[in-house]
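1. sequence below, structure please.
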Amino acid sequence: MGFFVLSGGVFTMDPIALIPPTPDYADQIAAYRAAFLRRGETLAGCSPLPDLEDPMAWLAFVRRLSDPSTVPEGFVQSSQFLCVRETDGLLMGMLQVRHTLGNPFLERFGGHIGYSIHPEHRRKGYAKGMLALALPYCRSLGLKRVLITCAQENEGSRRTILADGGRYESTVTEPRKGQRMERYWIELDPED
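-> Residues are numbered from 1 along each chain as shown. Predicted coordinates:
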């Protein structure tokens, strides 16, 4: 998939790549999950990782999501990516691209792309770079635009979405948690 380099200004980051998850990353996936759970934070862009303690079970689940013939009921075909630092393979974040908005939750609250950055690596530009890498992939799926949402209080995610071309559409309340979610669309130019 390549890498995106952002340097200068307030944020600097090492080159990153989006790669499919493999068993080689099982220990890092488990540590990533634990870092979020210790802080009581939501793991976005990783499907049921919060509920699956065994990284191998999670890997099996995301493989099912990638194949339209094995997608579980209530889910949509998705591509899961790990964001790794190219210099050392360190897991920096996770991102999931949903190929369609094929259920009411995604249409209203979840969107096409979900992502998260490891708590130790935030505010360094990795989310912006990760999202920028995902957009050409979305276009390769035939998507003309993508819906991305963020919690109203998540200023970092809002800035990431806006920096990558997001246009605000609306704010809605997610009924299960009562959380206010901002909805943004990113138009995918043919040459992105």
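
2. show me the shaky parts of this structure.
-> Across the chain, the ranges flagged by pLDDT under 70 are 1-13, 191-192.

3. recalculate using a threshold of 50.
-> In the predicted model, the chain carries pLDDT under 50 at residues 1-11, 192.

4. just the strands in it please.
-> Secondary structure of the chain (DSSP state E): strands at 16-19, 78-85, 91-98, 113-117, 145-151, 167-174, 179-187.

5. could these go into a markdown table alongside mean neighbour count and distance to R39?
-> The way it works is simple: take the backbone N, C-alpha and C, and place the C-beta from them, glycine included. A markdown table is the format used below for the strands of the chain (neighbours: other Cβ atoms under 10 Å; distance: least, Cβ to Cβ, whole Å):
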| stretch | mean neighbour count | distance to R39 |
| --- | --- | --- |
| strand 16-19 | 22 | 22 |
| strand 78-85 | 22 | 19 |
| strand 91-98 | 24 | 15 |
| strand 113-117 | 24 | 12 |
| strand 145-151 | 21 | 15 |
| strand 167-174 | 12 | 20 |
| strand 179-187 | 18 | 17 |
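
6. mind putting these into CSV with distance to P104?
-> Shown next, in CSV, are the strands of the chain (distance: least, Cβ to Cβ, whole Å):
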stretch, distance to P104
strand 16-19, 28
strand 78-85, 16
strand 91-98, 13
strand 113-117, 16
strand 145-151, 13
strand 167-174, 12
strand 179-187, 14
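
7. out of these, nearest to Y32?
-> Nearest to Y32, of all those, is strand 91-98, at 5.6 Å by Cβ to Cβ.

8. and that closest one, which strands flank it?
-> strand 78-85 (antiparallel), strand 113-117 (antiparallel) (DSSP bridges).
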